[in-house]
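Trainee: sharing a model that was predicted from the sequence below.
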There are 2 protein chains.
Amino acid sequence: MNKPLTISIQDYLKNIYELTENGESATTNALAKKLNISAPSVTGMVQKLASSKPALVEYHKHQGVTLTQEGKKAALEVIRHHRLLEAWLVQTLGYSWDEVHEEAERLEHVISEDFERRIAAAMGHPVRDPHGEPIPTEDLKMPPDESTPLSSMRPGESGTIQRVDASDPTLLRYLEELGLVPGVKIQVIDYSPFDHNLTLKVGRKTTVLGLNITSKLFI
Amino acid sequence: MNKPLTISIQDYLKNIYELTENGESATTNALAKKLNISAPSVTGMVQKLASSKPALVEYHKHQGVTLTQEGKKAALEVIRHHRLLEAWLVQTLGYSWDEVHEEAERLEHVISEDFERRIAAAMGHPVRDPHGEPIPTEDLKMPPDESTPLSSMRPGESGTIQRVDASDPTLLRYLEELGLVPGVKIQVIDYSPFDHNLTLKVGRKTTVLGLNITSKLFI
DNA sequence: TACAATATTTAGGTAAGACTAAAATCTTGT
DNA sequence: ACAAGATTTTAGTCTTACCTAAATATTGTA
């Protein structure tokens, strides 16, 4: 039987997953920055995760980490908890999409599998969280996501916002004000090559967005 | 500004509250037993809680601890979380009264004040949890509880079950089967002085209960 | 290709919160 | 009044997960 993972380890695995989704390996520094922890601490934990049995990560000195099968399953479990909780805080307690992240961040580590099942069922097994992020299935597969970053689109192209990859409440409130939420149709009107600004049509309004934002919206 | 209390400290305070409700002080041993922790560990923590500023407990060697005002407030906060969560798990996720304790035990330490307010409001500010235990008010007063243990009642007396002081799922399921839940009227039919058994009428059924149970039901 | 800048790891510590073994202190029965 | 037994505390460790300072490895560029 596998021991339950500590909250700290769950956080490492979740963040490693997020850094390695694309297939690359997560560097010590990147993880340290993401977790708000010193780099040496990360090295230490990563060595521990690599030598635990079963190993949760694969680790080669100076080359970063990737998740093992075991590690990935654990990471997806945490992410499923997080996204289900976000959906559920919005749907049943009237949270807004900028308020859910912090609450879910703490709850995700302590809810039981029973609780997970109950909220999933109560919501009719949702497939996306309030930011449009796909929710891992009950058997811990991440649904494929075909969306592309808005930043890679060019004038003449258009589409529907699929997901918003952000948790900063200020940014989320700003996006909501602009109507840039999942499900909304947008049209790229203009592109300025030097600052990478995109001019969009959202509904009847026109907005200019910088790379900071366009790289976080997926179409 | 007061630092947030660790989960461990929250647990100590909650359990000290429960042991000292009557006014007596909580002994090291009693706390150790209740928390499932060794007695020396309890001594250590209690010393720490007594010398923290602000002090959370008052402690005199070999004489147990009581809560300070600060400590009591913190304990009631945790208990409010716990009981609101229990109520809410039952009301909105279909938990049964024997399933809620364990889940609430973990959630109580991580929910925000905002979350607390939201579930309280969603339920219309309930005054009792599913076991009939009073829920501390938002300003952290414990509502007075006038109930008396069933074990102190004698033939001819009768009343309504106010609360059930138990968290063991097996016991709770057993009580539910017998119809011994809050709100139910009972009548004491007989008392046997040697084993302290009470014979009750519950609805149209008659049941004999030992002290183990009658001391946990409050009328 | 060598070296400076950057990234990573090693070494050595700290704080929380638990433990066991042993010492000290309380309580109680006679 | 005091010894036996129970309770409590002291002393000394352990684990987890973090830290800083210093050493080492990697990489981009002159």
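Mentor: Yes, it's here. Please read all numbers here as calculations on a predicted model, not as lab measurements.

Trainee: what does chain A have sitting close to DNA strand C?
Mentor: A:27-30, A:39-40, A:42-44, A:46-47, A:59, A:61-64 (C-beta under 7 Å from any atom of the strand). From N, CA and C alone the C-beta is placed, and that goes for glycine too.

Trainee: of those, which belong to strands?
Mentor: A:Tyr59 (DSSP state E).

Trainee: so which of the residues of chain A next to DNA strand C sit within helices?
Mentor: A:28-30, A:39-40, A:42-44, A:46-47 (DSSP state H).

Trainee: from those residues, which is closest to A:Arg204?
Mentor: Of all those, A:Arg204 sits closest to A:Ala30, with 40.5 Å by C-beta to C-beta.

Trainee: which ones are touching the closest one?
Mentor: Contacts of A:Ala30 were listed using C-beta atoms under 8 Å, 6 or more residues apart in numbering or on different chains, and they are A:19, A:64.

Trainee: separate out the buried members of the residues of chain A next to DNA strand C.
Mentor: Of the members of the residues of chain A next to DNA strand C, the ones counted as buried by neighbours, 16 or more other C-beta atoms under 10 Å in any protein chain shown, are A:27-28, A:30, A:42-43, A:46, A:59, A:64.

Trainee: mind putting those into a markdown table with distance to B:Gly124?
Mentor: Converted to a markdown table, those look like this (distance: C-beta to C-beta, whole Å):
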| residue | distance to B:Gly124 |
| --- | --- |
| A:Thr27 | 51 |
| A:Thr28 | 51 |
| A:Ala30 | 47 |
| A:Val42 | 47 |
| A:Thr43 | 52 |
| A:Val46 | 49 |
| A:Tyr59 | 52 |
| A:Gly64 | 52 |
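
Trainee: identify the farthest-apart pair in the residues you listed.
Mentor: That would be A:Ala30 and A:Tyr59, which, of these, are the farthest apart (C-beta to C-beta) at 14.0 Å.

Trainee: list the contacts of the residue of chain A found nearest DNA strand C.
Mentor: Nearest to DNA strand C, among the residues of chain A, is A:Asn29, at 2.6 Å (C-beta to the nearest atom of the strand). Residues near A:Asn29 by C-beta under 8 Å, 6+ apart: A:Ala39.

Trainee: what score does it have for pLDDT?
Mentor: The model reports A:Asn29 with a pLDDT of 95.

Trainee: roughly how far does it sit from chain B?
Mentor: 29 Å (C-beta to the nearest C-beta, to the nearest Å).

Trainee: again, but for A:Trp88
Mentor: From A:Trp88 to chain B the distance is 10 Å (C-beta to the nearest C-beta).

Trainee: just put the ones in helices among the residues of chain A next to DNA strand C in TSV and tack on distance to B:Ser167.
Mentor: Listed next are those as TSV, based on distance: C-beta to C-beta, whole Å:
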residue	distance to B:Ser167
A:Thr28	44
A:Asn29	46
A:Ala30	44
A:Ala39	44
A:Pro40	43
A:Val42	40
A:Thr43	43
A:Gly44	39
A:Val46	39
A:Gln47	40
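
Trainee: closest one to chain B out of these, please.
Mentor: Distance ranking of these against chain B, using C-beta to the nearest C-beta, places A:Gly44 first at 22.1 Å.
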